[in-house]
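> Just to be clear, the model below is a prediction. Sequence and coordinates:
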Amino acid sequence: QWCECLLQPKESEHREIKDLSGMWKFRADYSPSRDKGFQEKWYQSPLSQTGEIIPMPVPSSYNDITADGALRDFVGWVWYETDFYVSKDWFDGRNIFLRFGSAHYNTIVWVNTVEVMRHSGGHLPFEAEVSKYFLHGATNRLTVAVNNTLTPTTLPPGTITYKNDTSRYPEGYFTQNIQMDFFNYAGIHRPVLLYTTPSQYISDVTIVTRFNETAAYIHYNVEAQSTSAVVVTRVLNADGKAVGFEKGLSGVIVLTNYSLWWPYTMSNTTYAYLYTLELTLISSSEGSVIDIYRQPFGIRTVNVTNKQLLINNKPFYCLGLGRHEDSDIRGKGVDLPLIARDYSLMRWLGANCFRTSHYPYAEEIMDEADRFGFVVIDECPGVGIKSNNLGNVSLEHHKSVMRELVARDKNRPSVVMWSVANEPVSADTNAGPYFKEVISTTRQADSTRLVTFVIGPSDYWKDQVVPYVDIICVNHYYAWYSDMGHIEVIGLQIKQDLDMWHKTFNKSVILSEYGADTISGFHSLPTTSFTEDFQVDYLKAHHTVFDVLRNDYLVGEMVWNFADFMTVQGVNRPYGNHKGIFTRQRQPKPAAFTIRNRYVSLGTQH
Ligand code: GCB
């Protein structure tokens, strides 16, 4: 019913966008079975006639908007509704797509009481062509039901436990057990758009670039929904000047004078050069222009050896960050001020890389990575996969999530690597065949980038999945989850373990997480865990060993985490995870200055 959304909506002379984001009406279905909304068909009448509604901003998570603990921890269906008009000009036979940037997790959408699409999965876009459902001369009603329940076959997986002992628990008591260390924020997290295309239109483009000393080659492949029209393609440089031209649905444009897309460094101002591929659909009978779509891209290559990560054939060392989409009040809702602030801080740090831990980030975030030259490890929501999550239903869903992710991000120069999972049970015997298939599906969808997964607490001699990846990513918390506070073990233990991963599989290694929880304002001398002083010592102890290994097979380091973030309640989570080098409000802890000193000085050496 929905399509694997391909092109990002962009306005042009032949396309318009109407953003439906704003204050919507909202109601959570607190009925014990959570399906009163379906029994009473809440999509058939205005939501306000079904019961009490509250205002709810879109995009935003709903969890932290109110003072109601039941809504914060709600599991089940919630209902959203908004009204809008469609301009009379739009009833001229053009297509009108209704597109959600994402909603967490299962979503059903009705337009004027008619179901128009369903989607499963929390962090990727979905859309449907809906022009025939719209009313002229009246308001249109959009109703959306979203369910955040995680099950053994969702990504991320989770389970529900019912407590039936009524002497200890109230009637109907249950808990959602999630297998990941971040709060299961829910709702409509990204903008909801209506966008138009002409009835014949450009529906997809794939761009692959390569270069040698004399020229750059831009291979493109267009899909057009048209029986007769032709496509004319122009390459525009960053100043908007046409520098290349070709005709036809696919082709190669050769540029003899070209600029490469380079990762961000403070010392070099020519990073992240972006071109635009301008696609024009022309009627073959009349010669008139039918549709125009403009796709940004960069010329860059990515390769790996057993000891180097190569971007444009030059060794790249990742000065990186693990991150989350997470902030006060809005949870995981897209927030442009936050996005701008985060990039400003990452650039201030001198960082050049991040991982979309642990799910695909908003397109608004990815756009800035392309523009600012951040190298991205693009991770799917395969976080916390255990033995009971390796069945066929999970596998099929995992494969389709990877295809959706590649379809969304395949033209982004920032993305150099796909990560199919974070800390799965990679030593499980079923993990080998499962991930072999997920990884090969990913490679079929995109053969131009690297594929990896991120290793959790695991033993190199038992691992079943590393043979299939291009690069080894490992998370380590020595002197934190083991030998707590003993900074003197870090150098020895990291070196020993990373050496063995490298020796066993003869592949480059990225240390994809290391960090210590730190409560802003806590101090101690000598330093002890949870203080700001300890976090500095802890990170520095890692840096000493990274400096040895980066001359060998280590190709990146990624501190966990950029900022503090919300988690489920737990005895080791005092109002969330505090491993941020910034607070959740994006103010620095002393460790931010430690990382900055390091990244700025290492960045200028490259
Ligand atoms: C990890 C996980 C990450 C957690 C982190 C921690 O290994 O990948 O999601 O937040 O450890 O702080 O425990």
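Yes, it's here.

> closest point of the chain to the ligand, which residue?
Each residue of the chain has a distance to the ligand, by CB to the nearest ligand atom, and the smallest belongs to D181, at 3.6 Å. From N, CA and C alone the C-beta is placed, and that goes for glycine too.

> and that residue, what does it touch?
For D181, the residues meeting the contact criterion (CB atoms under 8 Å, 6 or more residues apart in numbering) are T567, R573, N577.

> Would you mind listing what in the stretch 501-606 of the chain touches the ligand?
E513, W560, N577, K579 (CB under 6 Å from any ligand atom).

> Now for N392, how many residues are close by?
Using other CB atoms under 10 Å as the criterion, N392 is surrounded by 9 other residues.

> correction: W90
W90 is surrounded by 18 other residues when neighbours are defined as other CB under 10 Å.

> What confidence value was assigned to it?
Here the pLDDT value assigned to W90 is 95.

> Next: the one 4 residues further on.
The predicted local distance difference test score for R94 is 96.

> Excluding sequence neighbours, find me the nearest residue to it.
What sits nearest to R94 in space, not counting adjacent residues and going by CB to CB, 6 or more residues apart in numbering, is T196, at 4.9 Å.

> Parallel or antiparallel, which strands does whichever strand or helix holds the one you found pair with?
Taking DSSP states H and E as the criterion, T196 maps to strand 192-197. Under the criterion DSSP bridges, strand 192-197 sits next to strand 17-19 (antiparallel), strand 95-100 (antiparallel) in its sheet.

> residues contacting the residue nearest the centre of the chain?
Ranked by distance to the mean C-alpha position of the chain (CA atoms, centre = their mean), the top residue is P360 at 1.6 Å. When contacts are counted by CB under 8 Å, 6+ apart, P360 touches H123, L124, D378, E379, C380, P381, L405, R408, D409.

> filter the contacts of D181 to the buried ones?
Buried positions within the contacts of D181, assessed by neighbour count (16 or more other CB atoms under 10 Å), are T567, N577.

> Reformat the contacts of D181 as a markdown table; add pLDDT.
Shown next, in a markdown table, are these (pLDDT from 0 to 100):
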| residue | pLDDT |
| --- | --- |
| T567 | 98 |
| R573 | 96 |
| N577 | 98 |
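
> Strands - which of the contacts of D181 land there?
Per DSSP state E, strands hold no members of the contacts of D181.

> circling back: confirm that the residue nearest to the centre of the chain sits in a strand.
No: the assignment for P360 is coil, going by DSSP: H, G, I helix; E, B strand; the rest coil, so no strand is present there.

> out of everything not next to it in sequence, what's closest to it?
H123 (4.5 Å).

> In this structure that neighbour contacts S102, no?
Yes: with contacts defined as CB atoms under 8 Å, H123 counts as touching S102 at a distance of 5.2 Å.

> Common neighbours of the two, please.
Taking CB under 8 Å, 6+ apart as the contact criterion, the residues that touch both H123 and S102 are H189.

> coming back round to it: give me whichever of the strands paired with strand 192-197 is most buried.
Between the strands paired with strand 192-197, the one whose residues have the most neighbours on average, counting mean count of other CB atoms under 10 Å, is strand 95-100 (a mean of 22).

> Who's the closest spatial neighbour of V474, skipping the chain neighbours?
I455 (4.6 Å).

> mind checking the backbone torsions on the one you found?
Dihedral pair for I455: phi -80, psi 130, per degrees, to the nearest 10.

> residues contacting it?
If a contact means CB under 8 Å, 6+ apart, then I455 has E423, S426, D463, V466, I472, C473, V474, N475, W501 as its contacts.

> cool, T50 as well?
When contacts are counted by CB under 8 Å, 6+ apart, T50 touches R27, G37, E40, W42.

> tell me the SS of the residue sitting furthest away from the middle of the chain?
Of all residues in the chain, S167 sits farthest from the chain's C-alpha centroid, using CA atoms, centre = their mean; the distance is 43.5 Å. State at S167, reduced to three classes by three-state DSSP: coil.

> so how far is Y173 from it?
Between S167 and Y173 the computed distance is 12 Å (CB to CB, to the nearest Å).

> Ok, K163 next?
With CB to CB as the criterion, K163 and Y173 are 5 Å apart.

> Look at I207 and say how many residues are nearby.
The local packing of I207 (other CB under 10 Å) involves 23 other residues.

> Same question for the one 3 residues further on.
For R210, the number of neighbouring residues by other CB under 10 Å comes to 14.

> what's near enough to touch it?
Applying CB under 8 Å, 6+ apart to R210 gives the contacts A216, Y217, H219, T301.
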